[in-house]
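> For reference, the sequence and a predicted model appear below.
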Amino acid sequence: MEKKRESFGSRLGFILVSAGCAIGIGNVWKFPYLCGQYGGAAFILIYLVFLVIMGIPVMVTEFAIGRAAKKSAATAFEALEPKGTRWHNLKWISIIGCYMLMMYYTTVAGWMLSYCFRHIKGDFVGSSSDEIIAEFHSMLGNAGDMSFWTILVCFLGFFVCFFGIQNGIERVSKYMMTALLALMIVLAVHSVFLKGAGAGIRFYLVPNFADMQEKGIGNVIFAAMSQAFFTLSIGIGAMLIFGSYLNEDRSLTGEAVTVTALDTFVALMAGFIIIPACFAYGIEPDAGPSLIFITIPNLFSQMPGGRIWGALFFVFLSFAALSTVIAVFENIIAFDMDLFGWTREKSTLVSAVIIILLSLPCVFGYNIWSSFQPLGEGSAVLDLEDFIVSNNLLPLGSIAFVLFCTAKNGWGWDGFIKEADTGKGMVFPRSIRGYMEYVLPLIISVIYLKGYWDKFAPMGRGKLIFWMIFALVLLGFISFCAFSRKKDT
């Protein structure tokens, strides 16, 4: 007799866990510096539009597939695909994607915990900018210290997952997400009342279309479109698994809107924390990837009570990172349970060992393997792993989910709509069927190919042509699995 599938104990639990998966380092780190680079509020307006027309529809497809199949992405296609089709081959996008995401996300989450501890100790109090930069590079160069924090992240994440959905993930996520939201509001209020923060608030809230034109309207639109796509953790089945634990009381469009709204609220509030404070202390808010580990500690070192505010900020960041880690760990555990029939306990223990071992190359990429620069001078193992996930598996997986829910050769529009609209709440607009079938996959394909162009164009024409052909081959593989049938059927 098949064991009854676990489920969430409440709607709030589902929303907070799903939002926790979506809310991650990108919300707090990438969103503010993109606002800084692309004109503040003008960027935000475009970003919000793309969340509605692209992010929410893809999330609904993931939730629908998960709830209809009552399986993880490892076996969901098999449960719903028509006989003789090849959709099940696309499950490897989700499986590889979740594993590879955790191969470097655990390391970055470890950095957050490390910096939280350092701020509590007061390591940055009175430090100069040069000393803060040196401290960051010293942390990266210490393989033992980095390994400790990465393994601690793995232990914490799998420890929570060990106790299951209701007793582990849902219970911990409720406390952690509540604390995250409370910390965020406290930090934002503190930031906007700093002396000189007014200029930052105006920059953040008043659209500056002249600045947007200077940056290039096309560049701003593409940056907003890419961020809207990647911020929700869609494409590798990370959201699908939570749909599989969801009952049929509520329609899925309303739930996707709620999760997206919560994710967006955190991103916007992160901007209120960082941008006004940067303006108040004369620090550029467009510092890019170094914003969190160099610019922000430098900001707090100048601020009265900066030791406390810095510690609270990195507690907030740590919760954002751990919420994503726990959510994706649950996917990895569910893969083994669905594929091999393992118990949760066995899958958790085996997965923990595997993820710890797979995380070490990212750790070593900044020290003992620093000579390995896979994407050109200055790159590290993390950059390669992030490129595979962010520039390949997330968009390719999203295309697969959208096509599966719309193609006649797949689960199909009727099956998708029936599942999406089951329960009380907002219904999915049937009038956008053509958009879902043709326009949305095209938009995601453009994001995918533009990512390759941006990555390899600076490396020369030869490498660009090679990698663009490679990207098209991967798109061809998705099309082959989606629209071909086995000859014996």
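Looks like it came in fine.

> Read off the pLDDT value for S290.
At S290, the model reports a pLDDT of 62.

> for this structure, which residue is closest to the average position?
S233 (3.8 Å; C-alpha atoms, centre = their mean).

> That residue belongs to a helix?
No: read with DSSP: H, G, I helix; E, B strand; the rest coil, S233 is coil and lies in no helix.

> ok, it touching N27?
No: under the criterion of C-beta atoms under 8 Å, S233 is not in contact with N27, lying 10.4 Å apart. Every C-beta, even on glycine, is put in place using the N, C-alpha and C of the backbone.

> any low-confidence regions in the stretch 251-400 of the chain?
Scanning the stretch 251-400 of the chain with the threshold set as pLDDT under 70 gives 285-291.

> And F193, how far from V220?
30 Å (C-beta to C-beta, to the nearest Å).

> between those two, who's got more neighbours?
V220 (23 against 10; other C-beta atoms under 10 Å).

> Leaving out chain neighbours, which residue sits closest to that one?
Y38 (4.6 Å; C-beta to C-beta, 6 or more residues apart in numbering).

> tell me the phi and psi of the one you found?
Per-residue torsions, Y38: phi -120, psi 30 (degrees, to the nearest 10).

> swap in the one 4 residues further on?
Comment: the main-chain dihedrals of A42 come out as phi -60, psi -40, following degrees, to the nearest 10.

> how close does it get to F203?
Applying C-beta to C-beta, the value for A42 to F203 is 10 Å.

> what do you get for I354?
45 Å.

> between these two, who's got more neighbours?
Taking neighbours as other C-beta under 10 Å, I354 and F203 compare with F203 leading, 21 against 15.

> residues near the closest residue to that one other than its chain neighbours, how many?
Leaving aside its sequence neighbours, F203 sits nearest to G40 (C-beta to C-beta, 6+ apart; 4.5 Å). Using other C-beta under 10 Å, the number of residues around G40 comes to 24.

> Who are the contact partners of G40?
203-208, 211, 275 (C-beta atoms under 8 Å, 6 or more residues apart in numbering).

> ok, it to R202 distance?
Note on G40: its distance to R202, by C-beta to C-beta, is 8 Å.

> thinking again about what came up before, what is the burial count for the residue nearest to V220?
Y38 has 25 nearby residues by other C-beta under 10 Å.

> Now for it: which residues touch it?
Per C-beta under 8 Å, 6+ apart, neighbours of Y38: 212, 215, 219-220, 223-224.

> can you rerun that using 10 Å?
44, 46-47, 208, 211-212, 215-216, 219-224, 227, 286 (C-beta atoms under 10 Å, 6 or more residues apart in numbering).

> And the residues you listed, which is closest to I465?
Checking those against I465 by C-beta to C-beta gives F222 as the nearest, at 21.2 Å.

> Measure how buried the closest one is and give me the count.
Count around F222 with other C-beta under 10 Å applied: 19.

> C481 contacts N89, correct?
Yes: at 4.8 Å, C481 and N89 qualify as touching, with contact defined as C-beta atoms under 10 Å.

> one step back: now the residue nearest to F203: how far from W149?
34 Å.

> can you check M184 too?
For M184, the distance to W149 - C-beta to C-beta - is 23 Å.

> Can you tell me what sits against whichever helix or strand G434 is part of?
Under the criterion of DSSP states H and E, G434 resides in helix 433-434. Residues external to helix 433-434 that are found in contact with it (C-beta under 10 Å, 6+ apart): 406, 413, 416-417, 440.

> Centre of the chain to stretch 39-47, how far?
20 Å (C-alpha atoms, centre = their mean, to the nearest Å).

> go on, stretch 388-401?
12 Å.

> same thing with stretch 166-175?
Taking mean C-alpha positions (C-alpha atoms, centre = their mean), stretch 166-175 and its chain are 20 Å apart.

> From what I see, I25 and T107 are in contact.
No: counting by C-beta under 10 Å, I25 does not reach T107; the two are 11.2 Å apart.
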